[in-house]
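Peer 1: Can you look at this prediction? I've put the sequence above it.
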Amino acid sequence: MANAGLAIVVGQPGALARSRATRPVTRTEDQVSNRNPQLEGPDLTTGVELETLSDETILAGHVGNEAVLLIRRDNEVVAIGATCTHYGGPLAKGLLVDGTVRCPWHHACFDLRSGEPLRAPALDPLPRWRVEVSNGIAVVREKLPRHTPSLRLLESAPQSILIVGGGAAANAAAETLRRESYGGPITMLSADGALPCDRPNLSKDYLAGKAPEEWTVLRSADFYEHHGIDVELNARVTVRGTPATSAIPRRTIVHSTPTVRVSSLRSTAW
Ligand SMILES: Cc1cc2nc3c(=O)[nH]c(=O)nc-3n(C[C@H](O)[C@H](O)[C@H](O)COP(=O)(O)OP(=O)(O)OC[C@H]3O[C@@H](n4cnc5c(N)ncnc54)[C@H](O)[C@@H]3O)c2cc1C
Ligand code: FES
């Protein structure tokens, strides 16, 4: 066998930190819907002249009651959801970079062709529509089904993967493995007593009482079961008597003064 039987991934606290902005709290696909009561731009099902679409620019429009972006890249035209699946950021105001669109709010990154999220903090893909181009007119047709990877276990891949940690980074690692077709067993060992959660929310809308507790969970227990990800809670890993991960906050520009006392929200994870 060409590989080690087990790969261990240690969650790096802080790896997913992006922005300090407070956003409306939404989480599931139902809650983060692409439906927008204030739709802008043209009805893309009636057709758009290709010559009005310049390369690498975004045309915001709609299909039925869903906000959709039409984007031309070289000889290809793609139609993709206009609302970020993280907290609903307006992707029409985002950036197009190398076949991806980047959300202006917390910089999630989606593949234009597949709609899949390539970078945190978004977890769910964007919806896509089929585009028909004929006689210089691009017409947006039906919504395309979500790509479902067929799981497999390549000889070059580890036979099983153990992820140490149960935060956003650990969750993203497990989901990405499945999205990229990894078919072996995945186990997440978390010292936490609860499933991976959206920690930035804890000091914002949740703390302010504006978000119910269930919205702070990144994924449900059913999700992990469905994707064959075994999440072991209250499972602290030690390596020769030393905890395996740490979470020491970095002190940068904010310091204590005689009138302002600065305390850490957390020091270490153990
Ligand atoms: C209250 C709060 C508010 C925040 N607000 C913001 C914000 O507004 N903007 C922003 O960018 N970031 C914010 N952050 C930071 C952001 O949440 C973190 O950067 C992010 O959660 C890091 O995710 P992570 O998965 O890397 O680490 P963590 O979420 O820290 O996860 C580490 C995981 O490892 C587990 N673990 C640790 N040691 C062991 C062990 N020995 N064995 C097994 N498991 C172990 C822990 O139990 C935990 O599950 C905030 C954090 C907090 C706590
Ligand atoms: S809304 Fe947060 S990354 Fe888009």
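Peer 2: Looks like it arrived, so ask away. Ligands and ions are numbered 1, 2, ... in the order given.

Peer 1: Now do Cys109, the pLDDT please.
Peer 2: The model reports Cys109 with a pLDDT of 97.

Peer 1: Run a quick neighbour tally on the nearest residue to it once chain neighbours are set aside.
Peer 2: What sits nearest to Cys109 in space, not counting adjacent residues and going by CB to CB, 6 or more residues apart in numbering, is Arg119, at 3.8 Å. Backbone N, C-alpha and C define where each C-beta goes, glycine included. The criterion is other CB atoms under 10 Å. On that basis, Arg119 has 16 neighbouring residues.

Peer 1: Quick check: phi and psi on Arg119?
Peer 2: The phi and psi values for Arg119, taken as degrees, to the nearest 10, are phi -140, psi 150.

Peer 1: got it, and Lys204?
Peer 2: The phi and psi torsions at Lys204 (degrees, to the nearest 10) take the values phi -130, psi -110.

Peer 1: Could you measure from it over to Arg179?
Peer 2: From Lys204 over to Arg179 the distance is 28 Å, taken as CB to CB, to the nearest Å.

Peer 1: Give me the more crowded residue out of the two.
Peer 2: In this comparison of Lys204 against Arg179, neighbours counted by other CB under 10 Å, the higher total goes to Arg179 at 19 against 16.

Peer 1: Check the more buried one and give its pLDDT.
Peer 2: On the pLDDT scale, Arg179 gets 93.

Peer 1: Test my guess that it contacts Glu116.
Peer 2: Yes: look at Arg179 against Glu116 with CB atoms under 8 Å: they come within range, at 6.5 Å.

Peer 1: Please report how far the residue nearest to Cys109 lies from Thr83.
Peer 2: 17 Å.

Peer 1: What of Leu91?
Peer 2: Here the criterion is CB to CB. By it, Leu91 lies 7 Å from Thr83.
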